[in-house]
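[1] starting from these lines, generate the structure:
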Amino acid sequence: MTERDPLEEYIQSNREAFDNLEAPDRVWNNINSKVNATPKVRSLKIFMTAAAACLLLLAACLFFINKNTGDLNLQMAANEINEELPEMKKYFSRQVSEKVNALKGYDLDGTIEKDLEQSDDFLRELEQELKEVPPSKREAVMEAMVKNYQYKLMLLDRVINELNKSKNQRDENSINI
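    Model (predicted):
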C-alpha cells in the first residue's frame with residue numbers, strides 16, 4: 001500500500017472538530033455583495049466597443065470580398081472578349097478578303113475602296129472604344145463591330161452581283177450580234 005501523508009491522516013482523524021466551525025457573518029455578507037452586484041458600466045462599454053470593432057471588421061471584409069469578386073468578374077469578361085475578338089476578326093477578314101479577291105479582275109472607279117477604308121477606320125475606333133468602355137457596354141460595341149463587318153460584306157456582295165449582271169448582259173449582247 002501507499003504511504004499516507006501525516007497531514008492528511010490528522011485531518012481525517014479530526015474531521016468533526018473542523019466541521020463545527022462556521023464563518024463569521026461579515027465574510028458571508030462580503031461574498032453575497034460580490035455575487036449579487038450589478039455589472040459595472042465599464043464592462044458594458046468594453047462590450048459595446050468590441051461589438052462595434054467586430055462590425056467594422058466584418059464590413060471591411062465584405063467590402064474587400066465584393067471588390068475582389070467584381071474585379072474578377074471584370075477580368076473574366078475582358079478575357080472572354082479578348083478571346084472572341086481575334087476569332088471574329090479572323091472570320092470576317094477572311095470573308096472580306098475572298099470578296100475583294102473576286103473583285104480584282106474588274107476595273108473599279110475607287111468608290112468601293114473609299115467605303116471599305118471608312119469601314120476599316122470605324123472598326124479601328126470601335127476596337128479602341130472596346131478597350132476603354134465599362135464591361136457592361138462591351139457587348140454593344142462588339143455588336144456594332146459585327147454589324148460593320150456585315151455591312152462590308154453586304155456592300156461587296158452587292159458590287160459583285162452588279163458586276164456579274166453587267167457582265168452577263170454584255171455577254172448576251174455580244175452573242176446576239
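
[2] where does this protein have low pLDDT?
    1-2, 21, 37-43, 67-82, 106-109, 173-177 (pLDDT under 70).

[3] ok, which stretches of it are helices?
    Secondary structure of the chain (DSSP state H): helices located at 6-13, 15-19, 25-35, 41-103, 111-132, 135-176.

[4] want to throw those helices into a markdown table with mean neighbour count?
    Any C-beta I mention is one placed from the backbone N, CA and C, and that applies to glycine too. Below are the helices of the chain laid out as a markdown table (neighbours: other CB atoms under 10 Å):
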| stretch | mean neighbour count |
| --- | --- |
| helix 6-13 | 9 |
| helix 15-19 | 8 |
| helix 25-35 | 9 |
| helix 41-103 | 11 |
| helix 111-132 | 13 |
| helix 135-176 | 13 |
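
[5] so what's residue 64 up against?
    By CB atoms under 8 Å, 6 or more residues apart in numbering, residue 64 lies in contact with nothing.

[6] what about stretch 20-38, distance to the chain center?
    65 Å (CA atoms, centre = their mean, to the nearest Å).

[7] just stretch 88-107 next, same as before
    Relative to the centre of its chain, stretch 88-107 is centred 38 Å away, using CA atoms, centre = their mean.

[8] same question, stretch 138-149
    22 Å.

[9] can you list contacts of that stretch?
    Contact partners of stretch 138-149, identified using CB under 8 Å, 6+ apart, comprise 77, 81, 84-85, 88, 92, 95-96, 119, 122-123, 126-127, 129-130, 133.
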